[in-house]
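J.: Next one to model:
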Amino acid sequence: MPQDLDYHFASFFPDEKVRPFAYLLSQSLREGHICIAVKAETEIKTPFGFATLDLLNQVSDKMLSKTDTTTPFIFRADYLYLQRYYRYESNLVEQVMQRLDHSRKNKNEYQQKIEALSDLIKQQGADNDINGLSVDEKIDWQLIAVLRSLMNDFSIITGGPGTGKTTTLSKFLRILFTMHPGCNVALAAPTGKASMRMLESLKEKSVVFPSEIQQQIQQLKPYTLHRLLGFQQQSIYFKHNADNPLPYDWVIVDEASMIDLPLFSKLLSACKPTTRLLLLGDQDQLASVEAGSLLGDLCAAAGKLNRFSKQENEWLNKFIASAERQIPDTYSTPTTLSFLDCITSLRFSHRFKERGSIGQLSLSIINGNADLAIQLLNSDQNQQIGLINEKYDHAIIDFVKGYIQYMEEPEVEKALVKINQLRVLVAVKEGDFGLHNINRKTEKILNSIRPDLIQPNSGFYHNRPVIVTKNNYDLGLFNGDIGIVRKDPVTKNLKVYFEAEEKGKPCRSFTPASLSDCETVFAMTIHKSQGSEFEKVMVVMPNQIDNPVLTRELLYTGVTRAKSHAYIMGTEEVLREGILRQVVRLSGVHERLIK
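T.: Numbers count the residues shown, from 1 in each chain. A predicted model of the protein is given here:
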């Protein structure tokens with residue numbers, strides 16, 4: 001009999017009939033599912049016997065209920081939950097629907113306030129060249145997203161890399177702060193790196209705003225979600241909750257695809273009923289490491305995105321000065337789905353147009369078109385993308401040579417910029433093509449080429465690149481922060497340098513002894529790369545065709561980290577299987593929101 005964690009968890013329950021389901025739920029949660037489906041035809045083998053609907057119906061009322069949320073297990077609409085996760089999901093649905101209901105009740109008031117700033121809003125319209133663009137690309141989705149967000153107490157702006165989510169947010173804040181000068185806004189993201197980058201981008205984009213608006217944006221503080229909520233050591237609970245809510249009028253969260261269900265539910269609970277929320281993220285990216293895929297579920301609840309009622313269509317077009325950028329009547333829909341008007345998808349990528357090599361490749365991957373993806377990789381005349389399916393060692397050597405540039409750079413500030421010009425991104429941690437082996441191999445390669453620059457003979461060595469793997473609030477370092485080990489020019493002692501918290505300030509430095517949670521980062525997992533961008537990336541696939549980690553979402557996330565060049569290393573067979581495999585996470589969010 002297997003003695004794994006799932007087995008021990010299931011063994012904890014005295015009712016033997018519930019154990020098969022407890023075992024399956026424990027497994028499913030680790031795989032990212034919120035619940036499991038149990039239908040008439042369900043028959044799944046477990047170490048405790050077969051899980052069937054008939055057996056579930058025999059479980060004691062003290063253990064399972066369809067109406068009482070105090071039992072350990074909840075069975076609702078063919079989905080079986082552990083009580084805690086059912087409550088998380090229920091809280092999410094209730095909180096979101098309450099905010100949408102409040103938006104509808106205040107629709108006229110919101111519209112009047114927006115219409116009073118009509119001239120300012122029109123000035124925020126897109127100004128990029130529209131020659132050669134499709135009808136869908138010409139539409140001013142950024143301004144539409146701003147208007148929809150101002151009209152709703154809960155809203156989502158989704159879009160791929162380069163579609164201008166931060167630019168859209170800057171336009172939103174200018175209008176919001178003009179409308180409500182004393183508005184109290186919190187900026188947050190799942191990681192410290194993402195939150196800092198969001199604020200830096202906003203500051204850069206706000207330089208054209210009036211001084212009073214610039215000042216308000218300058219005063220914003222970036223938070224990780226854990227810090228915003230009030231992280232408490234050794235506890236799953238936070239300082240801020242329904243009894244001690246956050247003091248903000250608006251909470252804006254970037255990189256929302258990385259947020260798991262428990263954390264988002266706790267964020268919603270910590271917001272006052274009057275607090276309005278705006279989420280930004282890419283629904284096509286990888287879901288959170290933990291259970292749930294809330295951004296994908298929320299977007300799925302709206303059905304086909306960027307559809308409008310005729311009335312909303314006409315109202316939005318009043319603010320779009322250029323007729324060519326307005327929403328055509330063909331985008332109108334007769335549906336009355338309440339979740340439709342709070343989500344907007346940005347469609348035009350300024351980083352790489354859909355016609356560009358990386359844009360075409362990323363679309364073919366996320367659409368599951370393996371034949372087109374392979375064709376693009378093997379025929380790109382610009383060599384911006386490519387498939388490396390042989391001579392792997394030579395390819396890795398040629399790629400990682402680029403790291404020598406940051407090693408040769410004597411100024412730490414510039415070295416920290418150069419190290420992020422390229423990155424090897426891996427799908428798995430173990431194995432020949434895994435994180436640990438690729439990092440070791442890269443160290444050996446660079447040492448053989450330039451032993452004067454790198455001698456990896458200890459945990460911390462000169463020029464070692466490191467990534468923080470756990471938030472350290474005392475030091476102000478967060479999961480995903482990247483630094484470089486260098487010798488102090490005066491003492492010659494090793495120090496680990498990280499970028500300054502604000503531009504213009506000196507780099508931060510720490511002793512190696514103070515950093516217990518960090519790893520070498522010549523290569524990093526694709527999961528860790530979310531929210532980052534590099535000039536060049538090499539995506540290394542596992543060499544097993546049946547590896548469940550490799551999915552189209554993983555490949556899409558890896559490829560779209562690249563700004564100029566993206567190479568995929570692995571066989572066509574493995575690539576094809578990965579593109580055809582899609583992440584599916586069970587939850588009841590979609591069904592409960594559209595009910």
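J.: Distance of L298 relative to D15?
T.: With distances taken as C-beta to C-beta, to the nearest Å, L298 is found 35 Å from D15. Quick note: C-beta positions are derived from backbone N, CA and C, even for glycine.
J.: Can you list the buried residues in the helix or strand harbouring Q27?
T.: Under the criterion DSSP states H and E, the helix or strand holding Q27 is helix 19-30. Within helix 19-30, the residues that count as buried by 16 or more other C-beta atoms under 10 Å are R19, P20, F21, A22, Y23, L24, L25, S26, Q27, S28, L29.
J.: Now those residues in a markdown table, please, with extra columns for pLDDT.
T.: Compiled in a markdown table, the buried residues of helix 19-30 are given as follows (pLDDT from 0 to 100):
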| residue | pLDDT |
| --- | --- |
| R19 | 91 |
| P20 | 91 |
| F21 | 91 |
| A22 | 91 |
| Y23 | 92 |
| L24 | 92 |
| L25 | 92 |
| S26 | 91 |
| Q27 | 89 |
| S28 | 90 |
| L29 | 89 |
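J.: of all those residues, which comes closest to Y248?
T.: L29 (30.8 Å; C-beta to C-beta).
J.: who's in contact with V574?
T.: Listed by C-beta atoms under 8 Å, 6 or more residues apart in numbering, the contact set of V574 reads M541, P542, N543, Q544, I545, N547, L550.
J.: Then it would be within a helix, right?
T.: Yes: V574: assigned to a helix according to DSSP: H, G, I helix; E, B strand; the rest coil.
J.: per-residue confidence for the closest residue to N382 other than its chain neighbours?
T.: Closest residue in space to N382, ignoring its immediate chain neighbours: S357 at 5.8 Å, by C-beta to C-beta, 6 or more residues apart in numbering. Note on S357: pLDDT of 85.
J.: Any stretches of the stretch 1-150 of the chain with poor pLDDT?
T.: The model of the stretch 1-150 of the chain has pLDDT under 70 over residues 1-3.
J.: now the helices for it?
T.: All helices of the stretch 1-150 of the chain, identified by DSSP state H, counting those that start in this stretch, fall at 5-11, 19-30, 53-56, 83-105, 107-115, 118-123, 135-138, 141-151.
J.: can you put the ones you listed in JSON lines and add distance to I419?
T.: JSON lines is the format used below for the helices of the stretch 1-150 of the chain (distance: least, C-beta to C-beta, whole Å):
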{"stretch": "helix 5-11", "distance to I419": "37"}
{"stretch": "helix 19-30", "distance to I419": "33"}
{"stretch": "helix 53-56", "distance to I419": "53"}
{"stretch": "helix 83-105", "distance to I419": "38"}
{"stretch": "helix 107-115", "distance to I419": "44"}
{"stretch": "helix 118-123", "distance to I419": "39"}
{"stretch": "helix 135-138", "distance to I419": "34"}
{"stretch": "helix 141-151", "distance to I419": "32"}
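J.: tell me the most buried of these?
T.: helix 141-151 (a mean of 25; mean count of other C-beta atoms under 10 Å).
J.: Which other helices and strands does that one contact?
T.: Using 3 or more C-beta pairs under 8 Å, 6 or more residues apart in numbering; DSSP states H and E, the elements in contact with helix 141-151 are helix 107-115, helix 118-123, strand 154-159, helix 165-179, helix 310-317, strand 343-346.
J.: Can you tell me what sits against it?
T.: Residues contacting helix 141-151 (C-beta under 8 Å, 6+ apart): 103, 107, 110-111, 113-114, 121, 124-126, 155, 157, 159, 163-164, 167-168, 171-172, 175-176, 179, 278, 306, 316, 319-320, 327, 341-348.
J.: gap between it and the chain center?
T.: How far helix 141-151 lies from its chain's middle: 21 Å, per C-alpha atoms, centre = their mean, to the nearest Å.
J.: what do you get for stretch 140-151?
T.: Using C-alpha atoms, centre = their mean, the offset of stretch 140-151 from its chain centre is 21 Å.
J.: One more: stretch 281-300?
T.: Using C-alpha atoms, centre = their mean, the offset of stretch 281-300 from its chain centre is 7 Å.
J.: now swap in stretch 533-547 and tell me
T.: With C-alpha atoms, centre = their mean, you get 18 Å for stretch 533-547.
J.: measure it end to end?
T.: Taking C-alpha to C-alpha, to the nearest Å, stretch 533-547 runs 26 Å from one end to the other.
J.: do you know which of the helices and strands packed on helix 141-151 lies nearest K62?
T.: strand 154-159 (36.6 Å).
J.: partners of the closest one in the sheet?
T.: Take DSSP bridges as the rule and strand 154-159 pairs in its sheet with strand 276-281 (parallel), strand 343-346 (parallel).
J.: Thank you kindly, that will do.
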